[in-house]
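Engineer: Sequence plus predicted model, see below.
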Amino acid sequence: MTSAFAPGNISCIFKIIPHADATRMHSLGMGFTVKEGVTVTVSPQQETELRFNGAAIHFPTVQAVVEKLAGDAAHRAQTEVSITSPLPLGCGFGLSGAAALATAYALNEQLGLGKTAEELAMIAHVAEVENRTGLGDVCSQYHGGFLVKLQEGAPLVAERLPISEQPIYYRYFGPIQTSEVLGNPEQVTRINQAADAALATLRTLSRTEPRPELLTACFEVSKQFSVQSGLLSDARVIKTIAKSEANGGVASMIMLGNGVFSTHDFDGAVETQLCINPARLIS
């Protein structure tokens, strides 16, 4: 029995970089990891079985990681993959990427495959791309922290901004299907146009000296992106952002989910912690 942890990730801005090769398709943008995440425990089993918080689950992204790594074992291994998390699936916390990455770390150790952390992260990333569940979460969870991704063609390259661990407040109202967004050409075009403007600002911010208001500046860029991309459309999210701003906070929309994150507490919010720790083995 082996366990691994990967943090949840809140994506603030993203630009879709398409490519026929899944190892080259990814996203540029900005996001940050949080203290909560996914713990995966793998153990030998007669038949491969996936569970999320105790219940059997159909999880193609994780299944793809299992098939890749179990197939690399000397004898094709069957395993139980037990996934636990306090965070909800499908609401913009990158749980598919976290589950895929933690599963890769745990299986690599359990089966003695000897793959590097970078190799495992790429396996998890490819599983996300091929199953249309994400494009950039694995990169963030592999590194940990408040990250910007500005290098096209390099899915696992990111720069950590000098933003310290601190409380962040969020509220989610419901999921957005990532596959539906990625499969809509008109939506993708609008997202990427908005992202280009945001990325230009991020390149400037990433070169500035560390300062207390850097987090606020990043969240403001995220809010602008959410509006210009057309993704900010849920009335509950719009109203919650406005209330947070009225109370002195800086808030934006969780990508991709009908949810809000903010620098300040607000009605119905849950407190989390911006965390710099990356995915890792536990035991």
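Structural biologist: Perfect, I can see it now. These figures come from a predicted structure and were not determined experimentally.

Engineer: packing partners for the lowest-mean-pLDDT helix or strand in the chain?
Structural biologist: Here the helix or strand of the chain ranked lowest by mean pLDDT, DSSP states H and E is helix 178-182, holding a mean of 71. Other helices and strands packing on helix 178-182, by 3 or more Cβ pairs under 8 Å, 6 or more residues apart in numbering; DSSP states H and E, are helix 185-205. Any C-beta I mention is one placed from the backbone N, CA and C, and that applies to glycine too.

Engineer: ok so, going back, only alpha carbons, please: show the least confident helix or strand of the chain as PDB.
Structural biologist: Provided in PDB are the C-alpha atoms of helix 178-182 (Å, rounded to 0.1, in the frame of the first residue of the first chain):
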ATOM      1  CA  THR A 178     -14.200  21.500 -19.200                       C
ATOM      2  CA  SER A 179     -14.700  19.200 -22.200                       C
ATOM      3  CA  GLU A 180     -17.600  21.300 -23.400                       C
ATOM      4  CA  VAL A 181     -15.500  24.500 -23.300                       C
ATOM      5  CA  LEU A 182     -12.500  22.900 -24.900                       C
END
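
Engineer: quick one: that helix to chain centroid distance?
Structural biologist: 15 Å (Cα atoms, centre = their mean, to the nearest Å).

Engineer: what does it rub up against?
Structural biologist: Applying Cβ atoms under 8 Å, 6 or more residues apart in numbering, the contact partners of helix 178-182 are 16, 132-135, 187-188, 191, 231, 256.

Engineer: So which of these belong to strands?
Structural biologist: I16 (DSSP state E).

Engineer: Select from the contacts of helix 178-182 the one having the most neighbours.
Structural biologist: In terms of neighbours by other Cβ atoms under 10 Å, the contacts of helix 178-182 top out with G134 at 29 neighbours.

Engineer: The closest residue to it other than its chain neighbours - how many residues pack around it?
Structural biologist: Leaving out its chain neighbours, the residue that sits closest to G134 by Cβ to Cβ, 6 or more residues apart in numbering is E128, at 4.3 Å. By other Cβ under 10 Å, 30 other residues sit near E128.

Engineer: so where is the stretch 1-150 of the chain shaky, pLDDT-wise?
Structural biologist: The model of the stretch 1-150 of the chain has pLDDT under 70 over residues 72-77.

Engineer: at 50 instead, please
Structural biologist: Residues of the stretch 1-150 of the chain meeting the criterion pLDDT under 50: none.

Engineer: residue boundaries of the strands in it?
Structural biologist: 2-17, 26-44, 49-52, 55-56, 79-84, 146-149 (DSSP state E, counting those that start in this stretch).

Engineer: Quick one: distance of the fourth one to the chain centre.
Structural biologist: Shown here is strand 55-56, whose average C-alpha point lies 23 Å from the average C-alpha point of the whole chain (Cα atoms, centre = their mean).

Engineer: Note down every partner strand of it and its orientation.
Structural biologist: If you go by DSSP bridges, strand 55-56 pairs up with strand 49-52 (antiparallel).

Engineer: Touching the partner strand from outside, list them.
Structural biologist: Counting by Cβ under 8 Å, 6+ apart, residues outside strand 49-52 touching it are 56-59, 62-63, 66, 80-85, 89, 99.

Engineer: Could you pull out the helices in the chain for me?
Structural biologist: Assigned by DSSP state H, the chain shows helices spanning 60-72, 95-111, 117-130, 137-143, 178-182, 185-205, 214-228, 235-246.

Engineer: Tabulate the CA atom coordinates of the fourth one in PDB.
Structural biologist: Same thing as helix 137-143. The C-alpha coordinates for helix 137-143 follow below in PDB (Å, rounded to 0.1, in the frame of the first residue of the first chain):
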ATOM      1  CA  ASP A 137      -3.400  21.900 -13.500                       C
ATOM      2  CA  VAL A 138      -0.800  19.100 -13.500                       C
ATOM      3  CA  CYS A 139       2.000  21.600 -14.100                       C
ATOM      4  CA  SER A 140       0.900  23.700 -11.200                       C
ATOM      5  CA  GLN A 141       0.500  20.700  -8.900                       C
ATOM      6  CA  TYR A 142       3.900  19.400  -9.900                       C
ATOM      7  CA  HIS A 143       5.500  22.700  -8.900                       C
END
